[in-house]
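Visitor: Structure for the following, please:
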Amino acid sequence: MNLLVLAAEEAQNPLIPPIPELVIGLIAFVIVFGFLAKKLLPNINKVLDERREAIEGGIEKAEAAQTEAQSVLEQYKAQLAEARHEAARLRQDALEQGTALKEELRAEGQRQREEIIAAGHTQIEADRKAASHALRQDVGKLATDLAGKLVGESLEDHARQSRTIDRFLSELEEKAASNGAAR
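Guide: Got it, this is the predicted structure:
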């Protein structure tokens with residue numbers, strides 16, 4: 001019988017499993033596949049959806065952040081341009097004010113100089129008149145004393161003294177004027 005069993009076994013193809021094993025294997029596969037489809041597949045899909053949403057949300061957030069950063073950059077550039085324009089305007093204003101102040105100070109200095117010169121001329125004229133008056137008195141006194149010694153009489157009379165002094169000084173001025181014109 002051994003041979004018969006062997007012969008019966010040889011009739012069966014080793015690549016094709018026996019029908020009961022095939023049915024049991026198919027039932028076990030359907031059970032495992034059903035279990036995986038019911039329990040594991042939704043969890044896998046849920047994780048994949050969450051991951052896709054996180055990636056898409058991250059991309060959207062990154063795009064929003066990039067748009068906001070670009071907007072802030074444009075604002076900073078505009079503020080910087082405005083600050084540069086304001087600085088240039090302030091620099092120009094300061095230059096104009098400096099020029100105006102310089103001209104104002106120059107005009108004030110010129111005015112003060114002219115006032116000082118005018119005051120100096122006035123003072124010189126006053127000093128000249130005072131010196132001329134003092135000189136007339138001194139020269140008159142000396143001339144009166146000299147004339148009194150020459151004439152031999154006293155010329156103490158004030159009116160006579162004044163007339164003599166005035167006549168003497170007039171003659172001196174005429175001589176000085178004629179000498180100045182001759183030169």
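Visitor: any idea which element the residue nearest the centre of the chain lies in?
Guide: Within the chain, one residue has its C-alpha closest to the average C-alpha position: by Cα atoms, centre = their mean, that is A87, at 4.3 Å. Using DSSP states H and E, the secondary-structure element containing A87 is helix 41-151.
Visitor: Would you mind identifying the next helix or strand past the helix or strand of the chain with the lowest mean pLDDT?
Guide: Counting by mean pLDDT, DSSP states H and E, the chain has its least confident helix or strand at helix 2-11, which shows a mean of 54. Sequence-wise, the next helix or strand downstream of helix 2-11 (DSSP H and E) is helix 19-35.
Visitor: Give me the contacts around that following helix.
Guide: Counting contacts by Cβ atoms under 8 Å, 6 or more residues apart in numbering, the residues outside helix 19-35 that touch it are P17. For the C-beta atoms, the positions are set from N, CA and C on the backbone; glycine is no exception.
Visitor: Please name every helix or strand in contact with the helix holding A87.
Guide: With contacts defined as 3 or more Cβ pairs under 8 Å, 6 or more residues apart in numbering; DSSP states H and E, the secondary structure elements packing on helix 41-151 are helix 158-182.
Visitor: which parts of the helix it packs on are buried?
Guide: Residues 161, 164-165, 168-169 are the ones in helix 158-182 that count as buried (16 or more other Cβ atoms under 10 Å).
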